[in-house]
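> A structural model of the following input is requested.
(one chain, ligands or ions: 1)
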Amino acid sequence: MSDPGARDGSKPRVGMMGGTFDPIHLGHLAIADDVRDALALERILFVPAGAPPHKPASEVTPVEHRVAMVAAAIADNPAFELSRVEVDRPGPSFTVDTVEQLAAAFEVTVILSAETFHELPTWHAPERLFAAARVAVVPREGYAATDPAWLSKTFPGREDRVTYVEAPHLGVSSTGIRARIAAGRTVHYLVPPTVAVYIADHGLYRA
Ligand code: ATP
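The predicted structure follows:
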């Protein structure tokens, strides 16, 4: 088996954790931490999507709120870093463009849950993603694990670019958090305390 954590050169080895982060929650943080640990990455870049291509703009919280929540969530972890690369780039946020941009400076491992990984064939130019980066796939509660046969069939020859990392199966989602807040329920132990405070202070997600 190839070693997906092996060094290609002298660039810093980073994980890329992209998402809408509307809001960021403990599921995101837990998988990022496990991937960093398992692959001995130097740090994880959290990359909020500016204009997510899969979601209508009117349904997404303004980007500066989502960025501020990511910053608040990761402030206590020196190995976690906020990247504004998608936020500051005009147009739709295609992950492959971000990965290629980051790959100029870093050896990149893109972190995807099994849910997102299975959607990869529908993404813009997925082949370019494998050319520029490795992929770490983590489980997501409620979604089937990736069948290696599916990978071989869908992206033949790319098997050695993918590694499967065990991580907590936390049944938490941004959709669920938004729904709880809209219903007046607590999210106290589903997001970091700093994020809970930000959400309350700015009145986000209320019905
Ligand atoms: P929404 O419910 O609004 O779709 P989400 O909770 O899936 O949001 P995103 O910001 O869209 O959050 O997710 C970014 C990435 O993190 C995606 O790959 C997603 O599958 C993954 N992810 C989100 N929550 C979890 C979780 N609890 N466990 C594992 N992966 C997760």
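> List the contacts of the longest helix belonging to the chain.
Counting by DSSP state H, the longest helix found in the chain is helix 26-39. Where contact means C-beta atoms under 8 Å, 6 or more residues apart in numbering, the residues beyond helix 26-39 that reach it are 4-5, 13, 15, 17, 19, 21, 41, 43-44, 46, 73-74, 77, 79-80, 109, 111, 113, 136, 138, 140, 163, 165-168, 170, 172-173, 189-192. For glycine as for every other residue, the C-beta is placed from the backbone atoms N, C-alpha and C.
> Could you tell me which of those count as buried?
Neighbour counting over the contacts of helix 26-39 (16 or more other C-beta atoms under 10 Å) leaves 4, 13, 15, 17, 19, 21, 41, 43-44, 46, 73-74, 80, 109, 111, 113, 136, 138, 140, 163, 165, 167, 170, 172-173, 190-192 as the buried ones.
> Helices of the protein, start to end?
All helices of the chain, identified by DSSP H, fall at 26-39, 63-74, 95-103, 114-119, 126-132, 148-154, 174-182, 193-202.
> For the first one, could you pull out the residues that count as buried?
Read it as helix 26-39. Neighbour counts over helix 26-39 (16+ other C-beta under 10 Å) mark 26-36, 38-39 as buried.
> Return the closest of these with respect to the ligand.
Of all these, the ligand sits closest to Gly27, with 2.4 Å by C-beta to the nearest ligand atom.
> Skipping adjacent residues, who's closest to Val14 in space?
Using C-beta to C-beta, 6 or more residues apart in numbering and skipping residues adjacent in sequence, the residue nearest Val14 is Phe106, 4.6 Å away.
> swap that for Arg89, sorry
Excluding the flanking residues, the one nearest Arg89 by C-beta to C-beta, 6+ apart is Gly50, at 6.6 Å.
> which residues touch the one you found?
By C-beta under 8 Å, 6+ apart, the contact list for Gly50 reads 63, 86-89, 93.
> Out of these, which one has the lowest pLDDT?
By pLDDT, Ser93 ranks lowest within these, coming in at 76.
> Would you mind measuring from the residue of the chain most remote from its centre to the ligand?
Centroid-distance maximum for the chain: Gly184 at 27.2 Å, with C-alpha atoms, centre = their mean. Gly184 is 19 Å from the ligand, where distance means C-beta to the nearest ligand atom, to the nearest Å.
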